[in-house]
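**Student:** need a structure here:
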Amino acid sequence: MNITEKKYPTIACCGLDCGLCPRYFTMGTSRCPGCAGPDFFNKHPSCSFITCCVKQKHLETCGECSEFPCKKFKSEDEYQQVKPSSSYPPYRKIMSNLRFIREHGVQKYLEQQTRRRGLLVTMIQNFDDGRSKSYFCRTAALRDIHDLEKALDEATDAIAGAQIGDRKMKADTLKKILKTSDS
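**Tutor:** Take a look at the predicted model:
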């Protein structure tokens, strides 16, 4: 492995879901290549997680490190208390993502993330009104995968039944279903 480029840039060293980020799905020069992906260092400043995990230890994620969790990480409670914002990424999943990788391995995590990315791509392609991508990215990262699948099926059925063609109405339909299932 090239020590400055990761094999799986959709998984950040620190546990963020780079493959579920709006910047990862942006077209053009502002597109982020993911954590230590191709051309990453021309777009982002240095990162202490990448320096330690990738450059020094030649790992994909901190979850593979024998010292995880180290002092670079906040406590689980601190991550849970980070206020949600309109921007990505959702830090609440960092520790659970890394613990999953530690317990089940990177490949198993990639399978799960690939499934989430597929659902996200469906949301963006079929329901994005040009203003909902960040919301869909956060939702894909944070929600239970079965709830996401169910909500997408329900929204698809509702749109087909009502013959909704307007992108804003499609986005509103899916968001309403997702918010209803939160309750």
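**Student:** what distance separates the helix or strand bottoming out on mean pLDDT in the chain from the centre of its chain?
**Tutor:** When the helices and strands of the chain are scored by mean pLDDT, DSSP states H and E, helix 76-81 comes last with a mean of 72. In terms of C-alpha atoms, centre = their mean, to the nearest Å, the centre of helix 76-81 is set 18 Å apart from its chain centre.
**Student:** What helices and strands are in contact with it?
**Tutor:** Applying 3 or more C-beta pairs under 8 Å, 6 or more residues apart in numbering; DSSP states H and E, one finds that helix 76-81 contacts helix 94-104. The C-beta positions use only the backbone N, C-alpha and C, and glycine is treated the same way.
**Student:** Now do the same for the helix it packs on: mean pLDDT, whole number.
**Tutor:** Across helix 94-104, pLDDT averages out at 94.
**Student:** Need the contact partners of whichever helix or strand comes after it.
**Tutor:** Reading on from helix 94-104 to the C-terminus, the next helix or strand found by DSSP states H and E is helix 106-127. Under the contact criterion C-beta atoms under 8 Å, 6 or more residues apart in numbering, helix 106-127 has outside partners 8, 10-11, 17, 19-20, 25, 60-61, 63-64, 97, 100-101, 132-133, 136-137, 139-141, 145, 148-149, 152, 155-156, 167, 170-171, 173-174.
**Student:** Going by neighbour count, list what's buried in helix 106-127.
**Tutor:** Buried positions in helix 106-127, judged by neighbour count with 16 or more other C-beta atoms under 10 Å: 106, 109-110, 113, 116-117, 119-120, 122-124, 127.
**Student:** for the record, mean pLDDT for stretch 25-42?
**Tutor:** Mean predicted confidence for stretch 25-42 is 84.
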